[in-house]
Structure formats: C-alpha cells, structure tokens
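Peer 1: just a sequence and a predicted model for now, questions to come.
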Amino acid sequence: MKRILLFIAALSMILTTIAQDNKPAPGKIGLGFSLSNGLGNRISFSKMLNGGLEAGLQLGINQTNTKSAQTDSVTVATDSGSKRGLQTVSSTNNSMSITLIPFILKHAELATNLDAFVGLQLPIIFGSGSKSTSNTKTFLTDFSREVNGITKQPSTYSFGVNLVFGCQWFFYENLGMGAICGLGFSSSGSKGDIDFTQTTSNSGSLNPSTTNSTINTLSIRDNKSSSLSTFNNTLGLFLSYYF
C-alpha cells in the first residue's frame, strides 16, 4: 500500500510538471513571501508582462530588539579591604532597517509547470540609527555602585545591483515555490555622530568614592565600503501566488 501511494504521488508530480496550466498569464499580479531568513521577512509584489517579463518590488523590514542580563559574584575593593559582592549587568539594543529591491525578470518559455528566469535587482537598504544601553550594578553591605551607559549610532545605507537567476515549480494554479540566487555588487556606509553617555553613581560607607559623575563623548563616523558577493540580498526560497 505504501508503494502504491508513493507511485501515485510521483505520477501526480510528473503529470503536473509536464503540463503548464498552472503558470500565471500576462497581467497577473504576484504576491511572494520569503521562506528563508524567517517567513514573511520579505514580501514581493510584481506583475507578469508580455514576452515573459515580470517587474516588481521586494519589501523587507527588520526590527531588532535584544535584551540580556547576568549576575556574578565579584571581588570589590572597599575601605575595609577586598570583599565579595554581587554584580548585575544588563543591556539592550534597538535597531531597524528597511529593504527595497526593485527587480525585473525574464522567464523562459518552458512547456511545463517548471519555470526558469534570469533578471536584475537593485537592492536599497536604509538602517535607522541604533541605540544601545548598559547597566552595571555592584553591591554588598554598605557599598553600592551603579554605571549606566547609552550609545547612539548613526544611520546606515547600502545600494547595489544583482544579477539573479532561479526557478519555480507551479504545483497548483498560479501558486509556485522556487529558489533564487545571484551575484551582486554593493556599496554601503554610515555617516553621522556617535554619542556616548556614561553616568556613575556611588554610595555606601565602605565605598572609596561617594561622588557621582557623568561622561559624555561625541565622535564623527564617516565609513564607506564596497563588496562583490554571491547571494547578495536575494530572496532565497520563496512562495508566490498570482491573482
């Protein structure tokens, strides 16, 4: 029975591959979803044109919010000598980037439900300025020290061009699953101020320092880089539906 079911499944796949009824016709609007790097991490909108052409746009939004916390036993220098205390360290980091990739593809005229294509992409990525915070507390009996830090980074950008190729299998009417890869050149950079603020608070009768202080440093970043790489912001595995 199991062999019969496998034979039926294989035969069904062969028949749907040989046919070409499932491929979208010119004028159809495509909606694609990334199946790699997180489902829905990138969405594509496109339109099938005459002559096997397809023009569209990929859109991706990546929001990063990370938090960490750790507590350790440490040796602290006090007015009564070295003593054991506790230290807690916590940090956060927040950043966001937006990816826009206009593209145009040329599909091969295959008389099956298999589809092959080549094309061009123009990746454009904008990253908002990131912000990270840190908090370190050291405490024991009659001793307390707290250090808070805030770092603000400037925004980033990236522009590029990709030569891509891929294939799709339309296993259902207007519904296909495929993969895409490519070779691309990109130029990226970051320009702006890096702002760092650190505040230290001391208290306790055993604390050698009882003063509070604030340090603020401001530096300028102007960084540019370029690279030639494979799989340069391509979609990877994807699922597309045309309506």
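Peer 2: Perfect, I can see it now.
Peer 1: all strands for this structure, in order.
Peer 2: 29-34, 42-48, 53-78, 81-107, 114-121, 124-127, 131-140, 143-152, 156-172, 175-203, 213-230, 236-242 (DSSP state E).
Peer 1: centre-most residue in the chain?
Peer 2: Residue closest to the average C-alpha location in the chain (C-alpha atoms, centre = their mean): residue 62, at 5.0 Å.
Peer 1: distance-wise, check that one relative to residue 104.
Peer 2: 24 Å (C-beta to C-beta, to the nearest Å). Every residue, glycine included, has its C-beta placed from N, CA and C.
Peer 1: go on, residue 198?
Peer 2: From residue 198 to residue 104 the distance is 50 Å (C-beta to C-beta).
Peer 1: got it, and residue 45?
Peer 2: Residue 45 is 13 Å from residue 104, by C-beta to C-beta.
Peer 1: find residues that contact each of those two.
Peer 2: Counting by C-beta atoms under 8 Å, 6 or more residues apart in numbering, the contacts common to residue 45 and residue 104 are residue 56.
Peer 1: quick one: residue 163 and residue 182 touch, right?
Peer 2: Yes - the criterion here is C-beta atoms under 8 Å, and residue 163 meets it with residue 182 at 5.6 Å.
Peer 1: settle it for me: which of those two has more neighbours?
Peer 2: Just comparing residue 163 and residue 182: by other C-beta atoms under 10 Å the higher neighbour count belongs to residue 182, 21 against 13.
Peer 1: so for the closest residue to that one other than its chain neighbours, what pLDDT did the model give?
Peer 2: Closest residue in space to residue 182, ignoring its immediate chain neighbours: residue 164 at 3.5 Å, by C-beta to C-beta, 6 or more residues apart in numbering. Note on residue 164: pLDDT of 92.
Peer 1: ok, residue 164 - contacts?
Peer 2: 103, 105, 118, 119, 120, 121, 180, 181, 182, 234.
Peer 1: export those residues as TSV, with columns for pLDDT.
Peer 2: Below are the contacts of residue 164 laid out as TSV (pLDDT from 0 to 100):
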residue	pLDDT
103	96
105	97
118	96
119	95
120	95
121	93
180	90
181	87
182	86
234	63
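Peer 1: quick check: ChimeraX command selecting the buried ones in the residues you listed.
Peer 2: Listed next is the ChimeraX selection for buried residues among those, using 16 or more other C-beta atoms under 10 Å:
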select :103,105,119,121,180,182,234
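Peer 1: out of the contacts of residue 164, flag the one nearest to residue 154.
Peer 2: Nearest to residue 154, judged by C-beta to C-beta, of these is residue 121 at 26.2 Å.
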